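Participant: Below is the sequence, then the predicted model.
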Amino acid sequence: MPLATFKHLSSKNADYGSAEKYLLFEHDEFTNKPIFDENGRLIPRENCRFTTLNCGDDDFAIACMKSNLQYGKNRSRNDVKSHHYIISFDPRDSAENGLTVDRAQALGEQFCREHFAGHQAIVCAHADGHNRSGNIHCHIVINSLRIADVPLLPYMDRPADTHAGCKHRCTEAAMNYFRAEVMEMCQHEGLYQIDLLNGSKERVTEGEYWVKRRGQAELSAGGKPTKFETDKEKLRQIIRKALETATNYDEFAEQLLRGGVTVKQSRGRLSYLTSDRTKPITARRLGDDFNLPSINAVFEQKSRQLAQNGEQSISSRAGILERLQAAKNAKIDTYHDSISQMVDVTPEKGAGFEHWAKVFNLKQSAKSVAELEKYGFQSLEDLQTALKMAKTEESECREKLKSVESELRGKKELQKRVLAYANTKTIRDEYRALKSDIAKAKFREKHESEFIIMESARKYFKEHGITKIPSYKSLQSEIERLTSQENELYAELKEKRSDVKRPQIIANNINRTLHEESNKSKDKNQEI
């Protein structure tokens, strides 16, 4: 999970002890089955914190079963027995904002007391997520039955929502309220946070997440280092590619059709049908970037840019690259000025596609020749020279970006080591205060993990020639400077790629046209 998120799962499992077992012991990520060691024993999770609330002297499972018997609830197989909420923090919070498992546990307990008062609960913080990215997260599992009266909260709309003996309801209003509270908590604690209330640009469901995880695991097991992509990810890429060149809905639909996707509009909602499916995928399942308002917003933005660019004029035509840039900024009609790569005419796709492809290629060929004259090039050799210069600048920009990225990674790793070493200060001071070797040996054995962290940090400092440990604050300032520089280089590289792409397409189209004309001439000579 990339940034702080809030997630909900409901369970009809009557075995409340399974929740405790899952939180305290290692489980397989794909099957959710417990993992045993060579002696057949469960393997405890590393670096986790566990607390029960409102359970008295009993453990969570016994307390929940007693309450269910007392109030006569959760007897049916279809009853929701428990609710599982997960607050997942950004991986950067641990290194940059000082988030620890203990702090996450304290935040989870506070959140549970404020919003799930009256429920028996488990609060358990873990140090790592499914993808081993270091995102500290906190689980809150509550019995669906409420055992005490609670105050009326803003999301509650029924008197029963506050009474003992009634059950918790996770409504849409409740989730929005909880998300807002998580956002406020992260803001107050100085942690990374996104807007959880306004959806996401890409909506990855739990099912899609696990499909991707399993697919990537199979690729890795087969020795293939390639990136696994789900069908939804591929569809998102096709849609975004179509939006890059389209300036209105009709062009957008045409571009998608060329990619094998049919877009349908019904009552203001879009759905996308790929050639290998019989049921379309709705825009809502792909993310907010793919619904009709967002797509129309892209077209409106392009229209405003066209209006602004239409007022500009080319002031100078000196220099090959300057002429390329001037032509790019002076476009009046993006659709009519845009140039695309000529496509392969494949009869296998049908007569309709073959006819469209031939007409499309003729248009692109004519546009390419017109663009060659528009730039002022006398020959293809001039265009190739311009392309070579543009590629050189792109390569130089990419090298600068790689250098900054490498330096930024090094600073972040150093900051991580500095923070880890600073957290062992108390242990180091106590160790130095000990007099006897026996006491030191016992102390070292008791705090073995801290000593491992300390020695690892010292080794890192020595290997990198660091004699004076920099302050966390100075490293943070340096990281922010490099991040800003990295973003500027990303934007510059994007422009350089654009300077390369357009003349490359023109050159390819003209070369292809000349090649096809040459083949036609040979065929005619053979017929004669």
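Facilitator: It's in. Note that the coordinates shown come from a computational prediction; the quantities given were computed from them, not determined experimentally.
Participant: just how off-centre is stretch 438-450 within its chain?
Facilitator: Average the C-alpha atoms of stretch 438-450, do the same for its chain, and the two points are 42 Å apart (CA atoms, centre = their mean, to the nearest Å).
Participant: for that stretch, which positions count as buried?
Facilitator: Of the residues in stretch 438-450, those with enough neighbours to count as buried (16 or more other CB atoms under 10 Å) are 443, 447, 450. Where C-beta positions appear, they are placed from N, C-alpha and C, glycine not excepted.
Participant: Kindly reformat those as JSON lines containing pLDDT and distance to residue 272.
Facilitator: Shown next, in JSON lines, are the buried residues of stretch 438-450 (pLDDT from 0 to 100; distance: CB to CB, whole Å):
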{"residue": "443", "pLDDT": "90", "distance to residue 272": "63"}
{"residue": "447", "pLDDT": "87", "distance to residue 272": "57"}
{"residue": "450", "pLDDT": "86", "distance to residue 272": "53"}
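Participant: hmm, who's touching stretch 46-57?
Facilitator: Outside of stretch 46-57, the residues that reach it under the criterion CB atoms under 8 Å, 6 or more residues apart in numbering are 23-24, 59-60, 62-63, 101-102, 104-105, 109, 112-113, 118-128, 147-148.
Participant: Write the PyMOL selection for whichever of these are buried.
Facilitator: Applying 16+ other CB under 10 Å to the contacts of stretch 46-57, the buried members can be selected in PyMOL as follows:
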select buried, resi 23+60+63+101+104+105+109+112+118+119+120+121+122+123+124+125+126+127+128+147
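Participant: Filter the contacts of stretch 46-57 down to the ones in strands?
Facilitator: Here DSSP state E is the test, and the contacts of stretch 46-57 give 119-126 as lying in strands.
Participant: Pick the one among the buried residues of stretch 438-450 closest to residue 244.
Facilitator: Among the buried residues of stretch 438-450, residue 450 lies closest to residue 244 (CB to CB), at 52.1 Å.
Participant: Now name the helix or strand holding residue 178.
Facilitator: With secondary structure defined by DSSP states H and E, residue 178 is part of helix 172-189.
Participant: How is this structure partitioned into domains?
Facilitator: Following the assignment in automatic domain parsing, the chain carries domains at 5-198, 199-311, 388-509.
Participant: Which stretches in this structure count as strands?
Facilitator: 5-11, 49-53, 82-88, 119-126, 137-146, 261-266, 269-274, 281-282.
Participant: burial count for residue 492?
Facilitator: For residue 492, the neighbour count with other CB atoms under 10 Å is 16.
Participant: What segments of the stretch 301-450 of the chain are helices?
Facilitator: Residue ranges of the helices in the stretch 301-450 of the chain, as given by DSSP state H, counting those that start in this stretch, are 320-329, 334-337, 351-374, 380-422, 425-433, 437-446, 448-463.
Participant: Need the ones you listed in a markdown table (columns: distance to residue 513).
Facilitator: Supplementary listing: the helices of the stretch 301-450 of the chain in a markdown table, determined by distance: least, CB to CB, whole Å:
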| stretch | distance to residue 513 |
| --- | --- |
| helix 320-329 | 20 |
| helix 334-337 | 19 |
| helix 351-374 | 5 |
| helix 380-422 | 11 |
| helix 425-433 | 72 |
| helix 437-446 | 77 |
| helix 448-463 | 58 |
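Participant: Out of those helices, name the one with the poorest average pLDDT.
Facilitator: Across the helices of the stretch 301-450 of the chain, helix 334-337 has the smallest mean pLDDT, namely a mean of 44.
Participant: Out of the domains of the chain, indicate the one that is most buried.
Facilitator: domain 5-198 (a mean of 17; mean count of other CB atoms under 10 Å).
Participant: circling back to that earlier point, reformat the strands of the chain into a markdown table and put distance to residue 460 and mean pLDDT next to each item.
Facilitator: Conversion of those to a markdown table gives the following (distance: least, CB to CB, whole Å; pLDDT from 0 to 100):
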| stretch | distance to residue 460 | mean pLDDT |
| --- | --- | --- |
| strand 5-11 | 32 | 85 |
| strand 49-53 | 27 | 92 |
| strand 82-88 | 28 | 92 |
| strand 119-126 | 26 | 94 |
| strand 137-146 | 27 | 94 |
| strand 261-266 | 49 | 84 |
| strand 269-274 | 49 | 86 |
| strand 281-282 | 47 | 83 |
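Participant: Tell me which of those strands approaches residue 294 most closely.
Facilitator: Go through these one by one with CB to CB and the one that ends up closest to residue 294 is strand 269-274, at 9.6 Å.
Participant: tell me what the closest one is packed against?
Facilitator: Packing contacts for strand 269-274, counted by 3 or more CB pairs under 8 Å, 6 or more residues apart in numbering; DSSP states H and E, involve helix 231-245, strand 261-266, strand 281-282, helix 283-286, helix 292-310.
Participant: between these, which one is nearest to residue 518?
Facilitator: Proximity of the helices and strands packed on strand 269-274 to residue 518 was assessed by CB to CB; the nearest stretch is helix 231-245, lying at 29.4 Å.
Participant: that older thread, which one of the domains of the chain lies closest to residue 359?
Facilitator: domain 199-311 (12.2 Å).
Participant: So what sits opposite residue 11 in the bridge?
Facilitator: residue 82 (DSSP bridges).
Participant: Kindly confirm whether my reading is correct that it touches residue 84.
Facilitator: Yes. In terms of CB atoms under 8 Å, residue 11 counts as a neighbour of residue 84; the distance is 6.3 Å.
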